[in-house]
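Chemist: sequence plus predicted model, see below.
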Amino acid sequence: MKRSLGLLLATSLIATSLIGCGESSSSESAQTAGNGDVIKIGVFEPKTGENGSGGAQEELGIEFAHSVRPTVTVGGKEYTIELDWQDNQSDKTVAATAAQKLISDGCVGVIGGYGSGTCIAAGSYFSDAMIPAIGTSCTNTNVTLGNDYYFRVCYLDPFQGTVMADWAIDQGYTEIATIDNIGNEYTSGLVQTFKDEYEAKGGTIVTAETFQTNESDFKAILTNIKNSGVKAVFAPTDYVYAPLLLNQAADLGLEVQWIAGDTWNNPVLTEDAGDNAEGVVLDCFYAEGGNEEFDAAFKEWINSESKYLEANLGTDNIIGNQAMCYDAYMVMCDAIESANSLDGTAIRDALASITVEDGVIGGTVVFDENGDAKKNTTYVLEVKDKAFTFVEEVTHGE
Amino acid sequence: MTISYFFQQLLNGLSLGGAYALIAIGYTMVYGILRMINFAHGDVFMMAGYFAIYSMAAFPWQLSLPIVIIGTIVLGVVIERIAYKPLRTAPRMSVMISAIGVSYFLENLANYLFTAMPQSYPQIDILKQIHTFGDITVSRVTIIAPIITIVLTFLLMTLVNHTKLGMAMRACSKDQDTARIMGIKVDRVITMTFVIGCGLAAIGSILYFTDRNTVQPYSGSLPGLKCFVAAVLGGIGSIPGAMVGGFIVGICQIAITAAGYSVFSDAFTFVLLIFILIIRPTGIFGEKATDKV
């Protein structure tokens, strides 16, 4: 008995280590980045941890972009692009390790990722190694601020917070509750910018509730909100908390208008919260229908293999992040070609002055002095019949 | 503060505390018999959540609940056989480290098998029914969680104090070697301890996750730690102590969050642990520390 159990354990250990080898050997097979005809572009995304689903969705966007444009031409020579996938595990400590791995793998550029905290943690490694990075959906101001090598294609929290605050005021919600996740740069930053705009426009934040990362019991703060009598709640949390908040609110009989940020634009929301997600309003980077050519190509690609469809939670719906990833990848390729070099600094300089005409969203992609794409358009969505339905396109002046 | 607000928060605290209590009992029982902290217990609780997701997808809930409980028990017993039993004569520290290893193994296994994405916990209609009393709205599970906890604790106390198995358990917790000499099958008693502990963790997991909707691979780690604190608070080794400790930790957590200090809600639990260890190391219901020489 004892021996057979030991044998079982041993075989399972060997099996897992073999699986590990299988994965690593595929990524190490092209160690010769930069020389030969293969170059590497790093993908810095969370595959696991609390943002694992968001990272998985974004990876599809990058993989699609890669399938569209698998090569770049530098100095008259065609290089095959290989994607170097690193998992930052939604963890700021692991993020540093993942960044170092990408650097030591010799990536010429990095794309990613989902979640501002991990990007901020990795940012200095990329700039020290002089490797340009393009953020996909990390909306916190500090990702690119003071970092010459971090760019991003999405809009920023101050913009997003302003839009949602204006929306709330426009809808007549003059009193609101906010829910903040302590220690989460994305949520805290967004709550702050929302608060500034909302109060400037004459709204009152009746109760500002907070919770800690990994919390799963929201009944206490939801009871507080119910007790305060507000009609709307601004909760720009990571998507993992969304179904918990919505379902527990339903249990407590809390009926309010939920307002969220771009992270809630995730199929998990409608999947796990079901009817309780109906009516939730959020903003996002891109809504289906904004660029029909892109939509059609992406859907065709998703449906071409069952593993993509499965990774996209069984639907061919496009979420905003995937469009951002597509843009980030394309901009990176354009910058490499425009720099006509595989040198990090040269590519960075190319990025700083680049103008990409055919971005998915709003056409042109231009970076400002901080490395942020000049974006002033967001899409407001509402959950209707378990789908993210387009409400309006909001454009703010500079 | 209105009275209905107070009761709503109290109910929130009691239901959380009830689930904590059931897990804390698992810690306390294993400690009582083996003198080790089973750090994998929180992750067994998490696995029970996944068992429920998959069994509920295939069977009606009446059938799934026993499957979940049995599955969790089997998992617990297998862990004991593989990771703890070979170390029976090893220093206690080795077993403890083995338990930490099992904890990480289970988390990563869950990550590998079920992915890191939070999965929706199936809703059992009979537990999810919403009741409204005036301004208070609660799901049925919120009300019955503390009741189930108290009833199960009572049954367990009866088992320990009034049955032959209970007597054997008490004997093993006093002195394993002597118990063995007296003809008690110590290994069987230990297995039974894990059976009961994991069974309660499974029930706790049903109560906990039904109210909290999603399971992910790390769902068990923080509740596990908190329940460990609850067990120490009540007096590790004492079953009613674990129950009381679970309720105290649960209610305190809700009270602190409700008061707007959620920053400190986790910290409080661990400050409580330090405080207890300084003031009254044996906990509220703790056995008198008689130095065995």
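Modeler: Arrived safely. Because the structure is predicted, anything quoted here is derived from the model rather than measured.

Chemist: could I get the contacting residues of the residue nearest to the spatial centre of chain A?
Modeler: Nearest residue to the geometric centre of chain A (Cα atoms, centre = their mean): residue A:114, 3.1 Å. By Cβ atoms under 8 Å, 6 or more residues apart in numbering or on different chains, residue A:114 lies in contact with A:45, A:46, A:51, A:54, A:55, A:57, A:58, A:136, A:137, A:138, A:321. All C-beta spots, glycine's among them, are computed from the backbone N, C-alpha and C.

Chemist: same question for residue A:391.
Modeler: A:281, A:380, A:381, A:382.

Chemist: phi and psi next, for the first one.
Modeler: Yep, that's residue A:281 we're talking about. The phi/psi pair for residue A:281 (degrees, to the nearest 10) reads phi -110, psi 130.

Chemist: likewise for the last one?
Modeler: Dihedral pair for residue A:382: phi -130, psi 140, per degrees, to the nearest 10.

Chemist: hmm, residue A:279 and it touching each other?
Modeler: Yes: applying Cβ atoms under 8 Å as the test, residue A:382 and residue A:279 come out as touching, 6.7 Å apart.

Chemist: would you map the strands across chain B?
Modeler: B:119-120, B:130-133, B:136-139, B:214-215 (DSSP state E).

Chemist: out of those strands, which is the most enclosed?
Modeler: strand B:214-215 (a mean of 24; mean count of other Cβ atoms under 10 Å in any protein chain shown).

Chemist: pull up the pairing partners for it, direction included.
Modeler: Pairing partners of strand B:214-215, with direction, according to DSSP bridges: strand B:119-120 (antiparallel).

Chemist: distance between the strand it pairs with and the chain's centre?
Modeler: 21 Å (Cα atoms, centre = their mean, to the nearest Å).

Chemist: what stretches of the chain score poorly on pLDDT?
Modeler: Since you didn't name a chain, this refers to chain A. Confidence mapping of chain A against pLDDT under 70 gives the ranges A:1-36, A:361-363, A:397-398.

Chemist: think we crossed wires, I meant chain B
Modeler: Applying pLDDT under 70 to chain B flags the ranges B:1, B:287-293.

Chemist: if we go to 80?
Modeler: Along chain B, the parts satisfying pLDDT under 80 run over B:1, B:115-118, B:134-135, B:286-293.

Chemist: what packs against the longest helix seen in it?
Modeler: Counting by DSSP state H, the longest helix found in chain B is helix B:3-34. If contacts are counted by 3 or more Cβ pairs under 8 Å, 6 or more residues apart in numbering or on different chains; DSSP states H and E, helix B:3-34 sits against helix A:219-228, helix B:41-58, strand B:136-139, helix B:140-162, helix B:164-174, helix B:186-212, helix B:221-234, helix B:239-258.

Chemist: leaving out sequence neighbours, find the closest residue to the residue of the stretch 51-200 of chain A found nearest chain B.
Modeler: Closest contact between the stretch 51-200 of chain A and chain B, by Cβ to the nearest Cβ, is at residue A:52 (3.4 Å). The shortest distance from residue A:52 to any non-neighbouring residue, by Cβ to Cβ, 6 or more residues apart in numbering or on different chains, is to residue B:116 (3.4 Å).

Chemist: quick one, what contacts that neighbour?
Modeler: Counting by Cβ under 8 Å, 6+ apart, residue B:116 has contacts A:47, A:48, A:49, A:50, A:52, A:53, B:216, B:217.

Chemist: wait, which of these is closest to residue A:203?
Modeler: Set against residue A:203, the nearest of those by Cβ to Cβ is residue A:50 (30.0 Å).

Chemist: so what's the residue count around residue A:127?
Modeler: Counted with other Cβ atoms under 10 Å in any protein chain shown, residues neighbouring residue A:127 total 18.

Chemist: just say helix, strand or coil for it.
Modeler: helix (DSSP: H, G, I helix; E, B strand; the rest coil).

Chemist: ditto for residue A:73
Modeler: Residue A:73 - assigned by three-state DSSP - is strand.

Chemist: so what touches stretch A:288-295?
Modeler: Here stretch A:288-295 makes contact (Cβ under 8 Å, 6+ apart) with A:317, A:318, A:323, A:326, A:360, A:361, A:379, A:390.

Chemist: just to check, the fifth one is in contact with residue A:286?
Modeler: Yes: Residue A:360 is in contact with residue A:286 according to Cβ under 8 Å; the separation is 6.4 Å.

Chemist: mutual contacts of the two, please.
Modeler: residue A:323.

Chemist: please tell me how far the residue nearest to residue A:52 sits from residue A:47.
Modeler: 7 Å (Cβ to Cβ, to the nearest Å).

Chemist: which positions in the stretch 1-150 of chain B make contact with chain A?
Modeler: B:2, B:5, B:8-9, B:12-13, B:16, B:81-82, B:86, B:111-112, B:115-120, B:128, B:130, B:132, B:137-139, B:142 (Cβ under 8 Å from any Cβ of the partner chain).

Chemist: change it to 7 Å
Modeler: With the criterion set to Cβ under 7 Å from any Cβ of the partner chain, the stretch 1-150 of chain B comes near chain A through B:5, B:8-9, B:12, B:16, B:81-82, B:111, B:115-118, B:120, B:130, B:132, B:137, B:139.

Chemist: neighbours of residue A:128, how many?
Modeler: Neighbour tally, residue A:128, other Cβ under 10 Å: 11.

Chemist: in the stretch 201-350 of chain A, what residue comes closest to chain B?
Modeler: Among the residues of the stretch 201-350 of chain A, residue A:253 lies nearest to chain B; the distance is 3.1 Å by Cβ to the nearest Cβ.

Chemist: next up, the contacts around that residue.
Modeler: B:130, B:132, B:137 (Cβ atoms under 7 Å, 6 or more residues apart in numbering or on different chains).

Chemist: residue A:242 sits in which helix or strand?
Modeler: helix A:241-251 (DSSP states H and E).

Chemist: apologies, that question was intended for residue A:110.
Modeler: Assessed by DSSP H and E, residue A:110 sits inside strand A:109-111.

Chemist: run me through the strand neighbours of that strand, direction for each.
Modeler: Strand pairing for strand A:109-111, determined by DSSP bridges: strand A:38-45 (parallel), strand A:133-135 (parallel).

Chemist: most packed of these?
Modeler: It is strand A:133-135: most buried of the strands paired with strand A:109-111 by mean count of other Cβ under 10 Å, with a mean of 31.

Chemist: what's the first helix or strand after it?
Modeler: strand A:150-152.

Chemist: chain center to that following strand, what's the gap?
Modeler: 13 Å.

Chemist: same thing with stretch A:315-324?
Modeler: Worked out by Cα atoms, centre = their mean, stretch A:315-324 lies 11 Å from the chain centre.

Chemist: just stretch B:2-10 next, same as before
Modeler: Between the centre of stretch B:2-10 and the centre of its chain there are 26 Å (Cα atoms, centre = their mean).

Chemist: and that stretch, C-alpha only, in CSV?
Modeler: Output of stretch B:2-10 as CSV, limited to C-alpha atoms (Å, rounded to 0.1, in the frame of the first residue of the first chain):
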residue,chain,number,x,y,z
THR,B,2,-30.8,51.6,13.3
ILE,B,3,-31.7,48.4,14.9
SER,B,4,-32.3,46.7,11.5
TYR,B,5,-28.8,47.7,10.4
PHE,B,6,-27.4,46.2,13.5
PHE,B,7,-29.2,43.0,13.0
GLN,B,8,-28.3,42.8,9.4
GLN,B,9,-24.6,43.1,10.2
LEU,B,10,-24.9,40.7,13.1
